[in-house]
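J.: make a model of this:
(2 chains)
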Amino acid sequence: MSPRVTLAVAGRVLTQVRRDHRTLAMLLVLPCLLMSLLWWMFEDLPGDAFDGFGPALLAIFPFTVMFLVTSVTTLRERGSGTLERLLSMPMGKLDFLLGYALAFGLLAAVQSALAVTVSVGLLGLDVNGPVWLLGVVAVVDAVLGTALGLLVSAFADTEFQAVQFMPAFVIPQLLLCGLFVPRDALPSLLSAVSDVLPLSYAVDAMQELVGAANQASVWRDVGVVLGFAVAGLALGAATLRRRTA
Amino acid sequence: MMNNVIDIRDLVVVRGGREVLPGLTLEVAAGVTGLLGPSGCGKSTMLRSVVGVQRVRSGTVEVLGLPAGDRRLRDRVGYVTQDVSVYDDLSVAENLRFFARVLGVKGDEVDEAIAAVDLTDRRDQVVGSLSGGQRSRASLAVALLGDPDVLVLDEPTVGLDPVLRRDLWRLFHRLADRGKAVLVSSHVMDEADRCDRLLLMREGRIIADGTPAEIRGSAPDIEAAFLRIVEAAA
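T.: The predicted structure follows:
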């Protein structure tokens, strides 16, 4: 592993995204628009339902978007021969994975800074904990999405299949993360399943920041999500083979 | 033995249940060696084995006295895959700068490599907007970075205009004159005469090995010689 190569990969990925204006615009603007839509939906309802759903969505956006973007771009690298060329060069597998994680982590930081600013500043989302901690949780979520996206790209042969992994890997986590039914109110089996899904902890962290704002519990959740991300990257490294059939 | 740059012994490669290389033994020294044969005959598989990215069933491949794919070879072997393995959404210079950073090569080599493949006037153009031939030259430029001792080039001249093809072969010979081993594959038989040494390949076997003149013998061209050899064996 070398920082020079990791930074080279991250820099290259960011240059590619910068070139692709439409992707860049969607990455940055879409979460803000969707948060506004959510706020508008609850506008005429009594109570503060936006405060209940908003934080979960702030956790879900970076995870989902980065999962999709990473699985498709990595698949493209596998298909175009660039990955084969890189692996024949002095590049560690971790350089490749961390380079991607770094680039998409940075993008996620910008993305969530915008989404959090809009949600808290314009839409009046009530946050009891420090606002910057929302950003930290979002970046860790994005790194998780990147790690899982890299991992599943190994099991897809086409971009079509890669996109199908989104309903397979992301939607069950979305359903069980506590957004629709509180996790402790789920049937016991599903509750147990939700305990081993990383997105549950990401959403827990966001909801804690808006609710009781116990920072220790937020950091514990962040630690769990980070653990999943590291495990995903390690498994992803194992799927990158210098020699292929 | 010491002057052999590439040393392949009893190499067996199976892909998709089929023996693509049924037991190949071959030595390659410095100079321009051409690997000619129809598509599907195992050229790419052999080249991938030399670079160390091909899973092999049995046999050994050594490059510069080290097992193919060894960590110490990764900046000494330049490789052009059959696909254009550069990033379509980056410019020529951005691609080269990226790979130069991965290789730990100085930035001024980037301009030299771009000039060597005659893309200087396109250096800031996005690769995706270039013609097929220009894109494969951009891919070739990456393989020149870091002045590798061995160049493994899988069909680098396909689809290029004759003037460019001549220029690239001249480049290969200039590299060979400096002691490099250049192993070039092609399925176009008329490129045979440009090689110092020629290997004809068919169905995973080397069916002829020698200078172009030796292989041609009394045949009018390499294609006719290829047919004669195949028919004589049948």
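J.: check which helix or strand the spatially most central residue of chain A maps to.
T.: Within chain A, the residue whose C-alpha comes closest to the C-alpha centroid is A:F63; the distance, by C-alpha atoms, centre = their mean, is 2.0 Å. When elements are assigned from DSSP states H and E, A:F63 belongs to helix A:49-80.
J.: contacts for the following helix or strand past that helix?
T.: Once helix A:49-80 ends, the next helix or strand along the chain (criterion: DSSP H and E) is helix A:82-87. Contacts made with helix A:82-87 from outside it, assessed by C-beta atoms under 8 Å, 6 or more residues apart in numbering or on different chains, are listed as A:74, A:77, A:93, A:96, A:240, A:242, A:244, B:53, B:79, B:81, B:85-87, B:99, B:102, B:142. In short, each C-beta sits where N, CA and C put it, glycine included.
J.: who are the packing partners of the helix or strand just after helix A:82-87?
T.: Sequence-wise, the next helix or strand beyond helix A:82-87 is helix A:93-116, with elements assigned using DSSP H and E. Judged by 3 or more C-beta pairs under 8 Å, 6 or more residues apart in numbering or on different chains; DSSP states H and E, the packing partners of helix A:93-116 are helix A:3-19, helix A:21-41, helix A:49-80, helix A:82-87, helix A:131-153, helix A:215-239.
J.: let's have the ones you listed in CSV, adding distance to B:E27 and mean pLDDT.
T.: Converted to CSV, these look like this (distance: least, C-beta to C-beta, whole Å; pLDDT from 0 to 100):
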stretch, distance to B:E27, mean pLDDT
helix A:3-19, 33, 94
helix A:21-41, 49, 91
helix A:49-80, 33, 87
helix A:82-87, 25, 91
helix A:131-153, 39, 88
helix A:215-239, 35, 91
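J.: most tightly packed of those helices?
T.: Ranked by mean neighbour count under mean count of other C-beta atoms under 10 Å in any protein chain shown, the helices and strands packed on helix A:93-116 are led by helix A:131-153, which reaches a mean of 25.
J.: mind saving the C-alpha coords of that one as CSV?
T.: As requested, C-alpha coordinates have been extracted for helix A:131-153 and formatted as CSV (Å, rounded to 0.1, in the frame of the first residue of the first chain):
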residue,chain,number,x,y,z
VAL,A,131,-24.8,19.6,13.4
TRP,A,132,-21.3,18.7,12.2
LEU,A,133,-21.8,15.2,13.7
LEU,A,134,-24.7,14.7,11.3
GLY,A,135,-22.1,15.3,8.5
VAL,A,136,-19.7,12.7,10.1
VAL,A,137,-22.5,10.1,10.2
ALA,A,138,-23.4,10.9,6.5
VAL,A,139,-19.7,10.5,5.4
VAL,A,140,-19.4,7.2,7.2
ASP,A,141,-22.6,6.0,5.6
ALA,A,142,-21.2,7.0,2.2
VAL,A,143,-18.0,5.0,2.9
LEU,A,144,-20.2,2.1,3.8
GLY,A,145,-22.1,2.4,0.5
THR,A,146,-18.8,2.6,-1.4
ALA,A,147,-17.4,-0.5,0.4
LEU,A,148,-20.5,-2.6,-0.3
GLY,A,149,-20.8,-1.3,-3.8
LEU,A,150,-17.2,-2.4,-4.5
LEU,A,151,-17.9,-5.8,-3.0
VAL,A,152,-21.0,-6.6,-5.0
SER,A,153,-19.5,-5.4,-8.2
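J.: just checking, what packs against it?
T.: Right, helix A:131-153 is packed against helix A:49-80, helix A:93-116, helix A:159-165, helix A:198-210, helix A:215-239 by 3+ C-beta pairs under 8 Å, 6+ apart.
J.: with respect to A:L107, which of the contacts of helix A:82-87 is nearest?
T.: Distance to A:L107 across the contacts of helix A:82-87 (C-beta to C-beta) is lowest for A:T74, with 15.1 Å.
J.: and of the helices and strands packed on helix A:131-153, who's closest to B:L171?
T.: If you check each of the helices and strands packed on helix A:131-153 against B:L171 by C-beta to C-beta, helix A:49-80 wins as the nearest, at 24.5 Å.
J.: and the helix holding A:F63, does that touch chain B?
T.: Yes - using C-beta under 8 Å from any C-beta of the partner chain, helix A:49-80 reaches chain B at A:S80.
J.: so which elements touch that helix?
T.: Using 3+ C-beta pairs under 8 Å, 6+ apart as the contact criterion, the secondary-structure elements in contact with helix A:49-80 are helix A:21-41, helix A:82-87, helix A:93-116, helix A:131-153, helix A:159-165, helix A:198-210.
J.: hmm, back to that, of the helices and strands packed on helix A:93-116, which is nearest B:L175?
T.: Among those, the nearest to B:L175 by C-beta to C-beta is helix A:82-87 (18.9 Å).
J.: got the CA coordinates for that closest one in CSV?
T.: Written as CSV, here are the backbone C-alpha positions of helix A:82-87 (Å, rounded to 0.1, in the frame of the first residue of the first chain):
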residue,chain,number,x,y,z
THR,A,82,-8.2,-0.6,-16.8
LEU,A,83,-8.4,-2.7,-13.6
GLU,A,84,-6.4,-5.5,-15.3
ARG,A,85,-3.8,-3.0,-16.3
LEU,A,86,-3.7,-1.4,-12.9
LEU,A,87,-3.3,-4.8,-11.2
